[in-house]
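Colleague: Got a sequence here, can you model it:
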Amino acid sequence: MSKTVVAKYTLNGNRFELLVDADEAYDYITGKKTNVMTVLQAEEVFEDANKGKRQSQDKIKKAFNTEDITKIADVILKHGDVPITTEQRAKLTEEKRKQIVALIARNSIDPRTNAPHPEQRIENAMHEARVSIEPFKPVSEQTEIVLKKINAILPIKFATAKLEVTIPPEFTNRCYGLLKQYGLKSEEWLNDGSLKVRVEFPAGLKLEFFDKLNSLTKGSAVTKSLD
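Modeller: Next up, the predicted model:
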């Protein structure tokens, strides 16, 4: 039998909640399913789903820059808090660990030899440093934390992408969460309402970042390499 749970997302102090099927939500988060409508038990965005209290349309549109439930649900499921079983959490955590290890292996070298670090060596260092992986926190956000923890154990030099990004006014709310996930270092609000920021993240995530940014801004964001 399906189990209905509440997926929660908070932005600027406002709560946005969805009633979702637990198994379908897990499959969507892990990429096994792509139709977000199969996840939803109700096509409504709530302020408090347990009380049936709907969120206001003004706050929804301001937070997500859209009223399209499929786009809103995608953000909430991928960046919010979704209750999952202990077994699902363990599996998702292990998948996220493998992604982080692979990313570090692709982009790092041993500064003593200028040779790449094998994945098993990175795994061993993470185990020794007692690194904890969060199943829902983005790889980009966790990789920097992992590097700091294992650096004392494993000398490591990492390639970093440094970008200046300018977001048009109509997309700033939608993109702010993404920018924070990808190492937001500074921000400046321009006179026309645009947002200019500097981000730094593992170089191996550059194509992924551009794909997400272009999707959110319809290709209108302006990027400049600061490397």
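Colleague: Enumerate every residue touching the residue lying closest to Gly204 once chain neighbours are set aside.
Modeller: Nearest residue to Gly204, sequence neighbours excluded (Cβ to Cβ, 6 or more residues apart in numbering): Asn107, at 4.5 Å. To be clear about C-beta, it is placed using only N, CA and C from the backbone, and glycine gets the same treatment. Taking Cβ atoms under 8 Å, 6 or more residues apart in numbering as the contact definition, Asn107 lies against Phe158, Ala159, Pro202, Ala203, Gly204.
Colleague: Was I right to think the third one contacts Phe158?
Modeller: What that stands for is Pro202. Yes: the criterion here is Cβ atoms under 8 Å, and Pro202 meets it with Phe158 at 6.6 Å.
Colleague: and these two? which has more neighbours close in?
Modeller: Neighbour totals were compared for Pro202 and Phe158, and Pro202 leads with 25 against 16 (other Cβ atoms under 10 Å).
Colleague: Quick check: phi and psi at that one.
Modeller: Dihedral pair for Pro202: phi -50, psi 130, per degrees, to the nearest 10.
Colleague: On the strand side of things, show who it bridges to.
Modeller: Thr160 (DSSP bridges).
Colleague: Could you pull up the residues touching it?
Modeller: Leu103, Ile104, Asn107, Ser140, Thr143, Glu144, Phe158, Ala159, Thr160, Ala161.
Colleague: again, only using 10 Å
Modeller: 100, 103-104, 106-108, 139-140, 143-144, 147, 158-161, 182-183, 208-209 (Cβ atoms under 10 Å, 6 or more residues apart in numbering).
Colleague: In this structure, spot the helix with the most residues.
Modeller: helix 86-107 (DSSP state H).
Colleague: mean confidence score for the helix or strand following it?
Modeller: For helix 86-107, the following helix or strand on the C-terminal side (DSSP states H and E) is strand 108-109. When pLDDT is averaged along strand 108-109, the result is 84.
Colleague: and if you look at stretch 206-214?
Modeller: 91.
Colleague: Figure out how far it is from the centre of its chain.
Modeller: 12 Å (Cα atoms, centre = their mean, to the nearest Å).
Colleague: got the contact list for that stretch?
Modeller: Under Cβ under 10 Å, 6+ apart, the answer for stretch 206-214 is 103, 138-140, 159, 161, 163, 165, 167, 171, 175, 178-179, 181-183, 199, 201-202, 205, 219-221, 223, 225.
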